[in-house]
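> I would like the atomic coordinates for the input below:
(one chain, ligands or ions: 1)
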Amino acid sequence: MAPSKPSAEKDVYSVILPTYNERQNLPIITWLLNKTFSEHNLDWELVIVDDGSPDGTQDVAKQLVKAYAPHVQLQTRTGKLGLGTAYVHGLQFARGNYIIIMDADFSHHPKFIPRMIDLQRKHDYDIVTGTRYAGDGGVYGWDLRRKLTSKGANIFADTVLRPGVSDLTGSFRLYKRGVLEKLFAQTDARGFTMQMALAVTAKAKGYSIGEVPISFVDRVYGDIVVDGLRDLA
Ligand SMILES: Nc1nc2c(ncn2[C@@H]2O[C@H](COP(=O)(O)OP(=O)(O)O[C@H]3O[C@H](CO)[C@@H](O)[C@H](O)[C@@H]3O)[C@@H](O)[C@H]2O)c(=O)[nH]1
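Sure, this is the predicted structure:
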């Protein structure tokens, strides 16, 4: 891993984790995040943004807040308000100068975070995005139809919009905090098109984007909760 800064200006990594019915996944993902950041001597926090999950996610999260103090905080909203606005909500409570956005269901594995941080530090990238569609990245657990639709949507979007980002619809990303704040202010999209809008706007504004190949593994525990156009993602 690239050298970190002197302790006086040590970086803090805030992971924003939107949850809806993630009672089974939350303890393990939190354990893995703690292990990953501790092993790399990185200062971190986890901001869980739960939308009133009926499966008891918040009860589990409250236990994790105590068990991992002071690293974990729980922010709640009443009602399922969607992923995009959960990120925006979580950012208000995050104290880090770097923000990591990921899923709670192991589609996004914490083991890729040190690689993202390393790449960001080496090139001073504004954003590092996980990619399923470059290098040895890949998708596991989806049927052929969803794989083809997702890949097709990404190729189509890249051809039309030309941002030069291989995975426009993926959400596993590391952002400089100030960059993410500006992007949230500059993009209206909060639904399905949000990830794409953030990447395209970032390129248009001249922000630098690095890519780390990731293995995206479909959820094992918990219900699928993003529907509608989810196949395109
Ligand atoms: N707080 C909150 N969290 C939510 C909501 N809907 C979903 N989540 C959380 O958002 C994460 C992703 O939900 P999934 O149901 O696993 O999404 P997906 O369809 O597999 O889509 C994912 O992969 C796409 C790329 O293929 C991404 O585009 C998309 O953003 C997401 O990461 C999970 O942590 C889930 O608990 C909501 O309304 N509110």
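
> roughly how far is stretch 143-161 from the heart of the chain?
Distance, stretch centre to chain centre, for stretch 143-161: 20 Å (C-alpha atoms, centre = their mean, to the nearest Å).

> mind listing what's buried along that stretch?
Along stretch 143-161, these residues count as buried under the neighbour rule (16 or more other C-beta atoms under 10 Å): 146-147, 149-150, 153-154, 157-158, 161. To be clear about C-beta, it is placed using only N, CA and C from the backbone, and glycine gets the same treatment.

> contacts for stretch 45-62?
The set of residues that contact stretch 45-62 without belonging to it, under C-beta atoms under 8 Å, 6 or more residues apart in numbering, is 12-23, 26-27, 30, 33, 64, 68, 70-81, 86-87, 89-90, 93-96, 104, 222.

> out of the residues you listed, who's near the ligand?
Intersecting the contacts of stretch 45-62 with the contacts of the ligand gives 18-20, 22, 80-81, 86, 104 (criterion: C-beta under 6 Å from any ligand atom).

> just the buried ones out of these, please.
18-20, 22, 81, 86, 104.

> now, these that are in helices?
When these are checked against helices (DSSP state H), the matches are residue 86.

> can I get the buried ones among the ones next to the ligand among the contacts of stretch 45-62 in TSV with pLDDT?
Shown next, in TSV, are those (pLDDT from 0 to 100):
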residue	pLDDT
18	97
19	97
20	96
22	96
81	96
86	97
104	95
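
> looking at the buried ones among the ones next to the ligand among the contacts of stretch 45-62, which are in strands?
18-19 (DSSP state E).

> out of the buried ones among the ones next to the ligand among the contacts of stretch 45-62, which comes closest to residue 1?
The shortest separation between residue 1 and any of these is 24.7 Å, and it belongs to residue 104 (by C-beta to C-beta).

> just name the shakiest helix or strand of the protein by mean pLDDT.
Taking all helices and strands of the chain together, the one with the lowest average confidence (mean pLDDT, DSSP states H and E) is helix 144-161, at a mean of 74.

> can you name the element that comes right after that helix?
strand 173-176 (DSSP states H and E).

> and that following strand, what does it pack against?
strand 98-101, helix 113-123, strand 127-131 (3 or more C-beta pairs under 8 Å, 6 or more residues apart in numbering; DSSP states H and E).

> could these go into CSV alongside mean neighbour count, distance to residue 192 and mean pLDDT?
CSV is the format used below for the helices and strands packed on strand 173-176 (neighbours: other C-beta atoms under 10 Å; distance: least, C-beta to C-beta, whole Å; pLDDT from 0 to 100):
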stretch, mean neighbour count, distance to residue 192, mean pLDDT
strand 98-101, 25, 15, 98
helix 113-123, 18, 23, 98
strand 127-131, 26, 17, 96
